[in-house]
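# Structure here, sequence nowhere to be found:
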């Protein structure tokens, strides 16, 4: 029920004068599946690719070189398996690069 309310609020925010599509800021490093073929602004696909530490410094602080990279200029993103809906429609899995830094307390 709460997820449905957040999704409805997100749709309203999308139509309100160029507002961001995300109703509530995600945690940086949060994984999410989307029912379209691209990752929204502030998200990257989880295909195991290497990305620049200088560009995504905060995400690097969370992931380090756990998924690859040299730890000097690059680090790796996780590689996730592809997901499909019940009707076999492919979904895109993405990792958040912007939002709230997760606390450990």
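That came in fine, so what should we check first? None of the values given here were measured: they were computed from a predicted structure.
# if I pick the residue nearest to residue 27 when sequence neighbours are not counted, what's in contact with it?
Counting by Cβ to Cβ, 6 or more residues apart in numbering, residue 27 lies nearest to residue 102, which is 4.6 Å off, once chain neighbours are set aside. Placement of C-beta: from N, CA and C, glycine included. Residue 102 is in contact with 27-29, 62, counting by Cβ atoms under 8 Å, 6 or more residues apart in numbering.
# From residue 30, how far off is residue 102?
As judged by Cβ to Cβ, to the nearest Å, residue 102 and residue 30 stand 8 Å apart.
# quick revisit: quick one: which of the contacts of residue 102 is most hemmed in?
Among the contacts of residue 102, residue 28 has the most neighbours (other Cβ atoms under 10 Å), with 20 neighbours.
# Surely residue 101 and residue 30 touch.
No: using Cβ atoms under 8 Å, residue 101 is not in contact with residue 30, being 11.1 Å away.
# more neighbours, these two?
Per other Cβ under 10 Å, whichever of residue 101 and residue 30 has more neighbours is residue 30, with 15 against 11.
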